[in-house]
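S.K.: I need the structure of the sequence given here:
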Amino acid sequence: MRKTAGAEARAVRLARMQELVEAGGPLPIKQAAQRLDVTEMTIRRDLSSADSPLSALGGYVLATTLPGAERYSLDEASDQHAANKRLACERAAEWVQPHDSLFIDCGTTMVHFAEALPPDMPLSVVCYSTNIAAVLSRRPNTQLMLLGGLYHPSSATFFSDEGLQYLNKLGVNKAFISAGGLDPERGASCSNFHEVPVKQAAIRSASESFLIVDESKLGKLRPAFFSPLDAFARIVVGGAPAAAVKKQFKELPVEFARAGGG
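M.R.: Below you'll find the model as predicted:
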């Protein structure tokens with residue numbers, strides 16, 4: 001069947017938006033409307049069409065397969081720690097109650113956490129990662145707040161002073177934080193410096209904060225330190241570390257999640 005003029009125009013707009021997203025990452029809907037000389041409502045209608053390779057989330061145009069999503073999928077296939085990450089996240093998800101307000105950090109570990117949450121549980125969630133938002137946006141009873149700003153492909157996150165100010169003013173029940181390294185003396189660290197103020201603001205604003213890692217992170221140091229370990233009500237570690245490593249953390253509220261619960 002031949003396309004109508006309207007369908008052809010929509011296809012052209014979608015193709016152009018796809019080019020812009022592929023070139024520069026998530027695109028504000030307002031900017032897309034200006035670039036294509038149409039209204040924001042037209043952009044939203046285009047994105048909601050069945051044949052759209054794009055979607056609208058948090059005021060942005062995103063690829064339906066988000067930038068970074070393929071990379072995370074490859075990590076899942078090749079990451080020898082994926083099973084331990086999942087164990088830690090499944091345990092941490094048990095600490096979430098209906099109607100909680102949560103902050104969920106970025107990273108491959110936290111994708112497992114978002115997937116481990118009971119699918120129909122009513123929640124309010126703040127996040128700043130497109131990968132986390134992609135999982136949460138499919139949940140029917142979750143109110144999702146995605147912090148905006150400059151997009152960082154290295155971690156699939158947004159950062160802005162405005163987003164940070166909003167997070168500082170926002171109170172959440174529970175913050176679930178990831179880390180690239182845990183040292184018993186120096187604390188929790190990550191690889192990306194732009195994540196530090198977001199993690200710190202989330203910890204400050206939350207009634208309780210929880211750290212989720214797999215056992216490979218224990219004893220590791222990353223460039224950007226963001227918190228002492230005593231800031232966390234609980235630390236859940238997926239896997240079974242060596243006895244000597246485990247002993248270093250015996251004075252901290254650490255719980256080890258193992259396959260079979262042993």
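S.K.: Need the phi and psi values for residue 195.
M.R.: Dihedral angles of residue 195 (phi, psi; degrees, to the nearest 10) stand at phi -80, psi -20.
S.K.: Model confidence for it, exactly?
M.R.: If you check residue 195, the pLDDT there is 92.
S.K.: Which stretches in this structure count as helices?
M.R.: 5-24, 29-36, 40-48, 69-78, 82-93, 108-116, 130-136, 161-169, 196-205, 243-248 (DSSP state H).
S.K.: Which of those helices comes out lowest on mean pLDDT?
M.R.: Among those, helix 69-78 carries the lowest mean pLDDT, a mean of 40.
S.K.: ok, back up a step: now for the helices of the chain, which one comes closest to residue 148?
M.R.: helix 161-169 (5.7 Å; CB to CB). Yep, even glycine has a C-beta here, placed from its N, CA and C like the rest.
S.K.: which strands and helices sit next to the closest one?
M.R.: helix 196-205 (3 or more CB pairs under 8 Å, 6 or more residues apart in numbering; DSSP states H and E).
S.K.: Look up the closest residue to residue 161, ignoring the ones flanking it.
M.R.: residue 149 (7.9 Å; CB to CB, 6 or more residues apart in numbering).
S.K.: and the one you found, what is it in contact with?
M.R.: Contacts for residue 149 (CB atoms under 8 Å, 6 or more residues apart in numbering) come out as 128, 158-163.
S.K.: Which of the helices of the chain sits closest to residue 63?
M.R.: helix 5-24 (5.4 Å).
S.K.: ok, residue 170 to residue 104 distance?
M.R.: Using CB to CB, to the nearest Å, we find residue 170 at a distance of 13 Å from residue 104.
S.K.: okay, and the common contacts of the two?
M.R.: Here residue 170 and residue 104 have residue 126 as joint contacts, going by CB under 8 Å, 6+ apart.
S.K.: Name the residue in those two with the higher neighbour count.
M.R.: residue 104 (29 against 17; other CB atoms under 10 Å).
S.K.: ok, that one - contacts?
M.R.: Residue 104 makes contacts with 110, 113-114, 125-127, 129, 132, 136, 176, as judged by CB under 8 Å, 6+ apart.
S.K.: What's opposite it in the beta bridge?
M.R.: Here residue 104 sits in beta bridges with residue 127, residue 176, as judged by DSSP bridges.
S.K.: Return the member of the contacts of residue 104 nearest to residue 84.
M.R.: Closest approach to residue 84 among the contacts of residue 104 (CB to CB): residue 113, at 13.0 Å.
S.K.: surely that closest one meets residue 89?
M.R.: Yes. The pair residue 113 / residue 89 is scored as a contact, 4.0 Å apart, by CB atoms under 8 Å.
S.K.: any shared contact partners between those two?
M.R.: In contact with both residue 113 and residue 89: residue 212, using CB under 8 Å, 6+ apart.
S.K.: who has more neighbours, the two?
M.R.: Using other CB under 10 Å, the more surrounded residue of residue 113 and residue 89 is residue 113, with 28 against 25.
S.K.: In the stretch 151-262 of the chain, where is pLDDT below threshold?
M.R.: 260-262 (pLDDT under 70).
S.K.: can you give me the strands for it?
M.R.: If DSSP state E, counting those that start in this stretch is used as the criterion, the strands of the stretch 151-262 of the chain fall at 157-159, 172-178, 181-183, 187-190, 206-214, 224-227, 234-238, 254-257.
S.K.: okay, these in a markdown table with mean neighbour count and distance to residue 8 next?
M.R.: A markdown table is the format used below for those (neighbours: other CB atoms under 10 Å; distance: least, CB to CB, whole Å):
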| stretch | mean neighbour count | distance to residue 8 |
| --- | --- | --- |
| strand 157-159 | 23 | 33 |
| strand 172-178 | 24 | 45 |
| strand 181-183 | 22 | 53 |
| strand 187-190 | 22 | 47 |
| strand 206-214 | 23 | 48 |
| strand 224-227 | 19 | 49 |
| strand 234-238 | 24 | 51 |
| strand 254-257 | 18 | 53 |
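S.K.: hey, what's residue 188 bridged with?
M.R.: Counting by DSSP bridges, residue 188 forms beta bridges with residue 182, residue 227.
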